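In: kindly return the folded structure for what I paste below:
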Amino acid sequence: MNKKRLVQTLLTITAFLFLFGCAAKEPAGLPSFSAKQFDASMYQSKVNNFVIILDASSSMEDYCMGNPKFMIGKAIAEHMNMTIPELGQTAGLRSFGHAESISKNETELFYGMEEYNSAALAEKLGEISKAGGYSPIGSAIAAMGTDLESLSGKTAVIIISDGLDMEADMAQAAAVKEQYGDDICFYPIQVSNDEEGTAFLSEIAEIGGCAGLVNARELMSAEAMAAFVEKVFLENADAPAPVPAPMDSDGDGVLDPDDQCPGTPAGAKVNAVGCWVLDNVLFDFDKAIVKPATFAQLDAVYEILEKNPAMSVELQGHTDNIGSKKYNMELSLRRANAVANYLVDKGIARNRLATTGFGFDKPVALNSTDFGRSLNRRVEIHPY
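Out: Okay, the predicted model is just below:
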């Protein structure tokens, strides 16, 4: 089985800077994502096939959760692909919309139908780069039905969309459901909080008859995405894993069987699986100046270090790919030192703060877009 690519280290950032409204004018930045890796020996696929249908129509250019809806929808598809284990399923990726000049019935199968390979699907997902045009989700669903005609077994259809301007397209979903019956399930994921979209996608879920509507904001963490993937795609193999006695050894409020990060430092806030989560510090282009927007998160790091005097952290600087390798290596180290200086000014001893620069060698997002480059201009904070 091919290894899943990891976007970042196991210590992911918190989501308290992630805006849940739909009125922001500038990208707020998505939480970093480190996919859960399922043990293939513990699971088997409950579906023979799956298809991801991604909405790339013009309404997906609007902002929600502090970011363009298209970026959120694409991130959901990327995170799902990173999380699904390769268990011999047949997979497909279909999209619709793409450009104002494209006809109303435009939809394209970017990947599949073929044996699932996460790396290959990720490459094709990268080709869906722009939202625009009409919203022919009905045509996409009908075409997906044709994609499945040579296949057999159970199929999961993941529909990632805002659900807008689609009222006339309900009939195609009903027709595909009638064609495949209980062998097909629709799992719509809404990338907005618009009532019109909620009503439409809820009806799609009802036609599918397998699950209710899920909102994208509910799937942004690695834990939530893993739970979704496990529910939709997986079932336990014959031999169940042993269940340890419930304890909370590090006192972080998460029992040991569920604690993926034992030994949490005193006073640290943890996520649902007991991991101390830290924010990346983002920087403006060609700058190594800590922005006021990041002061609160660095103050939280200071408080943890103050309560745990034996703890040290490594500050890892990164850049986008604009400029020479040498210049960006120097810039990334300057960014790491800027964060160190902030913590030293607060009172943390400099010898507790290691600094390293990686230049543009370790991106967490595509450098082909302004938005992706903005996420790569960062400092990661790693306790040790």
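In: what's the burial count for Glu86?
Out: Here the number of neighbours of Glu86 (other CB atoms under 10 Å) works out to 18. For the C-beta atoms, the positions are set from N, CA and C on the backbone; glycine is no exception.
In: so it touches Glu114, yeah?
Out: No: counting by CB atoms under 8 Å, Glu86 sits too far from Glu114 to count as a contact (12.0 Å).
In: how near is the nearest residue to Phe38 once chain neighbours are set aside to Ala91?
Out: On the basis of CB to CB, 6 or more residues apart in numbering, the spatially nearest residue to Phe38 that is not a chain neighbour turns out to be Pro85, at 4.4 Å. Distance, Pro85 to Ala91, by CB to CB, to the nearest Å: 12 Å.
In: CA atoms of stretch 186-195 as CSV?
Out: Listed next in CSV are the C-alpha coordinates belonging to stretch 186-195 (Å, rounded to 0.1, in the frame of the first residue of the first chain):
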residue,chain,number,x,y,z
PHE,A,186,-25.0,10.0,-1.4
TYR,A,187,-22.9,11.8,1.2
PRO,A,188,-23.3,15.6,0.6
ILE,A,189,-20.9,18.0,2.3
GLN,A,190,-22.1,21.6,2.3
VAL,A,191,-19.4,24.3,2.0
SER,A,192,-21.5,27.2,3.3
ASN,A,193,-24.2,28.0,5.8
ASP,A,194,-26.7,29.2,3.2
GLU,A,195,-30.3,28.0,3.8
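In: tell me the contacts of the residue nearest the centre of the chain?
Out: Taking CA atoms, centre = their mean as the criterion, His79 is the residue nearest the geometric centre of the chain, at 3.9 Å. With CB atoms under 8 Å, 6 or more residues apart in numbering as the criterion, the residues that contact His79 are 33, 35, 219-220, 222, 225.
In: repeat that for Gly274.
Out: Gly274 makes contact with 250, 252-254, 258-262, 264, according to CB under 8 Å, 6+ apart.
In: and Ala120, by the same measure?
Out: For Ala120, the residues meeting the contact criterion (CB under 8 Å, 6+ apart) are Tyr111.
In: again with Ala288
Out: For Ala288, the set of contacting residues under the criterion of CB under 8 Å, 6+ apart consists of 331, 334-335, 337-338.
In: next one: Phe70
Out: Residues near Phe70 by CB under 8 Å, 6+ apart: 55-56, 60-61, 130-131.
In: state the pair within those that is farthest apart.
Out: When the contacts of Phe70 are compared pair by pair using CB to CB, the farthest-apart members prove to be Asp55 and Lys130, with a separation of 12.6 Å.
In: so those two - more neighbours on which side?
Out: In this view Asp55 and Lys130 are compared by other CB under 10 Å, and Asp55 has more residues nearby, 28 against 13.
In: which residue is the nearest non-sequential neighbour of that one?
Out: If you skip the residues right next to it in sequence, Asp55 has Ser161 as its closest partner in space, 3.5 Å away by CB to CB, 6+ apart.
In: ok, back up a step: any chance of the contacts of Ala288 in CSV, plus distance to Tyr384, secondary structure and pLDDT?
Out: Rendered in CSV, the data for these read as follows (distance: CB to CB, whole Å; DSSP: H, G, I helix; E, B strand; the rest coil; pLDDT from 0 to 100):
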residue, distance to Tyr384, secondary structure, pLDDT
Leu331, 24, helix, 97
Arg334, 22, helix, 97
Arg335, 19, helix, 96
Asn337, 18, helix, 97
Ala338, 20, helix, 97
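In: which of the residues you listed are buried?
Out: Taking 16 or more other CB atoms under 10 Å as the criterion, what is buried in these is 331, 334-335, 337-338.
In: rewinding a little: highest neighbour count among the contacts of His79?
Out: Busiest of the contacts of His79 [other CB under 10 Å] is Ala222, holding 25 neighbours.
In: wait, that residue touches Phe38, no?
Out: No: taking contacts as CB under 8 Å, Ala222 lies outside contact range of Phe38: 11.8 Å.
In: mutual contacts of the two, please.
Out: Thr83.
In: just for this protein, where's the confidence low?
Out: Across the chain, the ranges flagged by pLDDT under 70 are 1-29, 65, 99-105, 167-168, 239-245, 275, 277.
In: list the contacts of Arg373.
Out: Shown in contact with Arg373 (CB under 8 Å, 6+ apart): 285, 320-322, 365, 367.
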